[in-house]
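In: just coords:
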């Protein structure tokens with residue numbers, strides 16, 4: 001499945017399948033930098049489009065109707081987004097940030 005915005009540079013880093021839905025995660029790029037992005041069935045969702053720092057998406061996990069994306073928020077370090085809302089995590093502001101996610105109930109496990 002090719003993301004719907006394949007005319008801009010994209011970097012796919014992860015995949016999650018839930019029922020008939022396919023989620024890809026990575027970055028979309030423009031001349032301003034990288035933006036953490038996921039695609040659900042080819043439709044793009046950017047997670048930090050107005051932030052002046054680059055962000056990176058590395059992992060995606062879906063639990064019910066909630067979409068979690070792990071990565072790096074360039075100005076604040078490792079983070080994950082739950083339904084587009086950023087949650088900053090402790091740790092060094094070092095690439096690549098969060099590279100894997102698992103959710104069990106209300107608990108989010110990120111490495």
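Out: That came in fine, so what should we check first? For clarity, every value in this text was computed on a predicted model and none was experimentally measured. Numbering: from 1, shown residues only.
In: excluding its backbone neighbours, what's nearest residue 84?
Out: residue 47 (6.1 Å; Cβ to Cβ, 6 or more residues apart in numbering). Any C-beta I mention is one placed from the backbone N, CA and C, and that applies to glycine too.
In: Settle this for me: that neighbour is touching residue 39, isn't it.
Out: No - using Cβ atoms under 8 Å, residue 47 makes no contact with residue 39, being 11.6 Å away.
In: Can you pull the residues that touch both of the two?
Out: By Cβ atoms under 8 Å, 6 or more residues apart in numbering, residue 47 and residue 39 have no common neighbours.
In: number of nearby residues for the residue nearest to residue 84?
Out: For residue 47, the neighbour count with other Cβ atoms under 10 Å is 24.
In: Next: residue 58.
Out: 24.
In: end to end, how far does stretch 59-75 reach?
Out: 19 Å (Cα to Cα, to the nearest Å).
In: do the same with stretch 57-68
Out: Note: stretch 57-68 ends 10 Å apart using Cα to Cα.
In: any residues touching it, and which ones?
Out: For stretch 57-68, using Cβ under 8 Å, 6+ apart, the contacting residues are 13-16, 18, 21, 23-27, 36-38, 40, 45, 47, 69-72, 80-84, 96-103, 108, 110.
In: are any of those buried, and which?
Out: 13-14, 16, 23-27, 36-38, 40, 45, 47, 69-72, 80-81, 97-99, 101, 103, 108, 110 (16 or more other Cβ atoms under 10 Å).
In: Among the residues you listed, which lie within strands?
Out: Secondary structure assignment (DSSP state E) places 13-14, 16, 23-27, 36-38, 40, 45, 69-72, 80-81, 101, 103, 108, 110 from the buried ones among the contacts of stretch 57-68 within strands.
In: Just give me the neighbour total for residue 52.
Out: With other Cβ under 10 Å as criterion, residue 52 counts 9.
In: Does it lie in a helix or a strand, and which?
Out: Element membership for residue 52 (DSSP states H and E) is empty, with no helix or strand holding it.
In: what's the distance between it and residue 26?
Out: As judged by Cβ to Cβ, to the nearest Å, residue 52 and residue 26 stand 20 Å apart.
In: before we move on, what about residue 88?
Out: For residue 88 relative to residue 26 (Cβ to Cβ), the value is 20 Å.
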